[in-house]
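Asks: Need coordinates for the below:
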Amino acid sequence: MRLCYKYDVQLVCKKIIEQELLGLGIKYTFIGNGELELRGEVLPEVLEDLNKRLVEYGINIINNQRDSLIQKIKETIIEMIYSESGPPNEKTSEYLSKRLHFSYGYLSNLFSEVTWTTIENFIILQKIERAKELLISGNYTLTEIAYKLDYSSVAHLSNQFKKTTGLTPSSFRRIIERRKEYFKSILEETTK
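Replies: Numbering: from 1, shown residues only. Okay, here's the model as predicted:
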């Protein structure tokens, strides 16, 4: 039997971190996305053990403020794009500045310097990934997806989608539907 599922990356990470902290007997308080505060003294070797355990899941402890701010920029953008209430009613630059308490110029320069790409490119990539998920779900029309992701038109979404993936959203959806049909037929054959 084949099961399809979706997941919330932030929730999964939080659960893994909770599990490992409890396993090591470390008391903590989650502050927000990507941040927690350790309560009481924690020996360096216990922190090292925690780090080793988390790395197995692809979770890294950030040790400097610069990397921490880059991570916060990424998380804020992802949160903004994946929000069920839709994108904020303000420019992305204003939204990031307000949320992170730095000027957009500073955030933009730091992001480009560290990641070798712009915030705008990161936003486009995240929007296209979200569009793929929404197309795969089959629950939304292209018009609804364009609106949900704050594109000015379906044509704008389609152009960025094609530029990023090499496929139009319609072609992508057809490929996904064919794959689903193919796997369904294989599943039906194996259950006979």
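
Asks: pLDDT value on Asn33, please?
Replies: For Asn33, the pLDDT comes out at 64.

Asks: hang on, I meant Ala146
Replies: 93.

Asks: just Tyr28 next, same as before
Replies: As predicted, Tyr28 sits at a pLDDT of 86.

Asks: and if you look at Ile78?
Replies: 91.

Asks: Please, which helix or strand holds it?
Replies: Per DSSP states H and E, Ile78 falls inside helix 65-82.

Asks: For that helix, name the packing helices and strands.
Replies: helix 92-100, helix 104-115, helix 119-137 (3 or more CB pairs under 8 Å, 6 or more residues apart in numbering; DSSP states H and E). Quick note: C-beta positions are derived from backbone N, CA and C, even for glycine.

Asks: now the ones you listed in JSON lines, with mean pLDDT and mean neighbour count?
Replies: Shown next, in JSON lines, are the helices and strands packed on helix 65-82 (pLDDT from 0 to 100; neighbours: other CB atoms under 10 Å):
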{"stretch": "helix 92-100", "mean pLDDT": "92", "mean neighbour count": "17"}
{"stretch": "helix 104-115", "mean pLDDT": "93", "mean neighbour count": "15"}
{"stretch": "helix 119-137", "mean pLDDT": "94", "mean neighbour count": "17"}
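
Asks: Any idea how many residues pack against Ser85?
Replies: By other CB atoms under 10 Å, the residues close to Ser85 number 5.
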